[in-house]
Every structure is written in structure tokens, then in C-alpha cells.
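Participant: when you get a sec, could you give me coordinates for this:
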Amino acid sequence: MHAHRCLQNRVKEAEETERNINAARESYRPAATRGSILYFAVADLAGISPMYQFSLAYFIRLFSHCIEASGKSGDVAVRLQLLSEFATSFVFRDVSRGLFEEHKLLFSFLLCTSILRHPSANDISDVEWSCLVRGAAATAATSGAGGSSSVSHKPRPKPEAAYWLRDDAWQGLLLLEQLVPRLKGLGDSIQQDARSWREW
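Facilitator: A predicted model of the protein is given here:
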């Protein structure tokens, strides 16, 4: 009977230890997510040039170094912030050393947008990304937004002050401000201050 009770206590202790380990592991998931984002951004470089082949083993060594070398803190949130910032900077610098000069800016753009597009940041929505990559008209056409009630794009004549914009660019800009809420009022701003916009 005593052995049975002792075994039950050990099972309970093991279950509690497992719960604690799982909770601690989950608290570090944002660091793993950042590592994943960085890895796939680095792996995407092969699409730019077949010379840019970085193995998973290489990346694991980089990220392991970042875990060891980044700032430490007893506060998990602070530790995660330190690790994310250090890993992003370190991976960018280390990988950039092996890139041609004309590809470094592209890599920084890829890295930045990959981080901002991830659901953990959600700073660039799928619609915003699609508008950037494909244009407002293509985004509206493929998402059904162009004909839906959510985006009622009514052609508006281009103001005379914006003579420097092509007509299709003006209509695309109006559609873009309807698709991307952050750009609401862009057409009005250009209409009111066309000279400054042209200089910009």
C-alpha cells in the first residue's frame, strides 16, 4: 500500500513537472517564431540567385550563437525582446556578408516585410501586401473587393493640379485608399497639396 501511494505521488510530481516545462517552453515560443521567420527569409534568397544556398545546419549554428550571445534577463519578456533584436541584427549582418551589394537592400526588405507580415506582428495585412506586390486593381479583382459593397470604387476625375499623374494611376490610387484603411484620404491629400506630392 505504501509503495502504491509513493508511486501515485511520483506520478503527480512528474505531471506537475511536465506542466511546468510545457509552460516554460511555450513562453519562449516567440523566439522560435522569430527564428523561423529569419530562416525562411534567408532560405528565400535562393530565389534571387542560386549562389545563395544557406543550409539549415548553418542557420541553427547562427541562431544557437544568438541564444548564447544575446543579452540576458530574468524577465522572460525582456529576454525575448533582447533575443529577437540580437538575432535579427546578427543574422542580417552575417548573411549580408555573403551577398552581392545589389542584393543587400533587397534582403533587408525581405527580412523586414517577413517580420511585419507574420501574424505575431500583423503590421502588414494580406491586402496591403497584395497591393504592394500586385497593385490595387489586381488585388481588388482577385479578392472580389472591386465588385463588392465593401469597396464601391467610383471613378473620380483627376484634379488639374495632379496633371503629373496618369489617369490610370489616379484611379488606382483611389482604389488603393479604399482597399487599405491606413491610406484613407490619400486622394484628398494629393488633391489639396498636389505640388508637395509631386516634389516628394
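
Participant: and the nearest residue to residue 45 once chain neighbours are set aside, how far from residue 61?
Facilitator: Spatially, and ignoring its direct neighbours in sequence, residue 45 is nearest to residue 52 (3.8 Å; C-beta to C-beta, 6 or more residues apart in numbering). Placement of C-beta: from N, CA and C, glycine included. Residue 52 sits 17 Å away from residue 61, going by C-beta to C-beta, to the nearest Å.

Participant: check residue 39 too.
Facilitator: Applying C-beta to C-beta to residue 39 and residue 61 gives a distance of 12 Å.

Participant: these two: which is more packed in?
Facilitator: In this view residue 39 and residue 61 are compared by other C-beta atoms under 10 Å, and residue 39 has more residues nearby, 18 against 11.

Participant: secondary structure element for that one?
Facilitator: helix 29-43 (DSSP states H and E).

Participant: and that helix, which residues are buried?
Facilitator: 30, 31, 33, 34, 35, 37, 38, 39, 41, 42 (16 or more other C-beta atoms under 10 Å).

Participant: including pLDDT and distance to residue 69, could those go into TSV?
Facilitator: Output for these, formatted as TSV (pLDDT from 0 to 100; distance: C-beta to C-beta, whole Å):
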residue	pLDDT	distance to residue 69
30	93	18
31	92	14
33	94	20
34	95	15
35	95	14
37	96	19
38	96	15
39	97	18
41	96	20
42	96	18
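
Participant: which among those gets closest to residue 166?
Facilitator: residue 41 (34.0 Å; C-beta to C-beta).

Participant: just checking, the closest one touches residue 112?
Facilitator: No: counting by C-beta atoms under 8 Å, residue 112 is not a contact partner of residue 41; they are 9.0 Å apart.

Participant: what number of residues lie near residue 72?
Facilitator: Neighbour number of residue 72 under other C-beta under 10 Å is 9.

Participant: the one 10 residues further on now?
Facilitator: When counting by other C-beta under 10 Å, one arrives at 17 neighbours for residue 82.

Participant: excluding its backbone neighbours, what's nearest it?
Facilitator: That would be residue 71: by C-beta to C-beta, 6+ apart, it lies 3.9 Å from residue 82.
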